[in-house]
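**Student:** structure, please.
(chains A and B)
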Amino acid sequence: QVKLQESGPGLVKPSETLSLSCAVSGYSISSGYYWAWIRQSPGKGLEWIGSIYHDGNTYFSPSLKSRLTISVDTSENQFSLKLRSVTAADTAVYYCARALYMEPPDYWGQGTLVTVSS
Amino acid sequence: QSVLTQPPSASGTPGQRVTISCSGSSSNIGGNFVYWYQHLPGTAPKLLIHRNYQRPSGVPDRFSGSKSGTSASLAISGLRSEDEADYSCAAWDDTLSGYVFGTGTKVTVL
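**Tutor:** Numbers count the residues shown, from 1 in each chain, chains lettered A, B, ... in the order given. Below is the predicted model of the structure:
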């Protein structure tokens, strides 16, 4: 069964960089699918952040693109998110997920809460 | 930022049928597949419906999806206590070139 697990600091200071990783088990990232990051701010709906293919091809939400880096490590079967210059508005539960191109995700991680605060 | 509109809440007694709507536009629901998720706090969202009406293996047939124009619906028949959760819809958006999600509906079993 496909499983995804997010990891990273739960607290980030304003103006710093939020860094998260997603470990994938039960499926090889190199076998296909896109790998996505999605977040949910307190009291709000889900928001797509960006996605990456195993060859490194990426596409990002226009509202976050200028601050965003998503990378993939096929040897470790994981992918990562870096969001620069964070503010309190970036406080959210961050999820990683698997998806076909142009279709929403099928498998998700359980999410990790990241709080931006000094 | 949610682009698809859902009612904030829905409820029913055990055994009843509950329907959740998801309203979008021609750039998302109108031209692309709709997915539905069940979400409990602290857990991974679970895929209930993909490609408008298809159920993944293991999802009970009490859950059904439909789509018409720029709207979609999720129906839960034979409501059970374990169905109490948050439900969200999602679709690809051609304008965004990414996914958009619904505002979420909390289902309560009375």
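**Student:** and stretch B:60-70, does that touch chain A?
**Tutor:** No. Using CB under 8 Å from any CB of the partner chain, stretch B:60-70 never reaches chain A; the gap is at least 12.6 Å. In short, each C-beta sits where N, CA and C put it, glycine included.
**Student:** which residues are in contact with that stretch?
**Tutor:** For stretch B:60-70, the external contacting residues (CB atoms under 8 Å, 6 or more residues apart in numbering or on different chains) are B:23-26, B:28-30, B:34, B:36, B:48-49, B:52-55, B:72-78, B:80, B:83.
**Student:** among those residues, which ones are in strands?
**Tutor:** Using DSSP state E, B:23, B:34, B:36, B:48-49, B:72-76 are the members of the contacts of stretch B:60-70 that sit in strands.
**Student:** Throw those into a markdown table and include pLDDT, neighbour count and distance to chain A, thanks.
**Tutor:** A markdown table is the format used below for the ones in strands among the contacts of stretch B:60-70 (pLDDT from 0 to 100; neighbours: other CB atoms under 10 Å in any protein chain shown; distance: CB to the nearest CB, whole Å):
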| residue | pLDDT | neighbour count | distance to chain A |
| --- | --- | --- | --- |
| B:S23 | 97 | 18 | 13 |
| B:V34 | 97 | 28 | 8 |
| B:W36 | 98 | 28 | 9 |
| B:L48 | 97 | 23 | 11 |
| B:I49 | 98 | 27 | 11 |
| B:A72 | 98 | 29 | 12 |
| B:S73 | 98 | 19 | 16 |
| B:L74 | 98 | 28 | 14 |
| B:A75 | 98 | 14 | 19 |
| B:I76 | 98 | 23 | 19 |
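**Student:** which of those residues sits closest to A:S117?
**Tutor:** Nearest to A:S117 among these is B:W36, at 33.9 Å by CB to CB.
**Student:** residue contacts, the closest residue to that closest one other than its chain neighbours?
**Tutor:** The shortest distance from B:W36 to any non-neighbouring residue, by CB to CB, 6 or more residues apart in numbering or on different chains, is to B:I49 (4.0 Å). With contacts defined as CB under 8 Å, 6+ apart, B:I49 is in contact with B:34-36, B:55, B:59, B:63-65, B:74.
**Student:** any chance of TSV for those, columns distance to B:A10?
**Tutor:** Formatted as TSV, those follow (distance: CB to CB, whole Å):
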residue	distance to B:A10
B:V34	17
B:Y35	18
B:W36	13
B:R55	20
B:V59	19
B:F63	14
B:S64	15
B:G65	15
B:L74	10
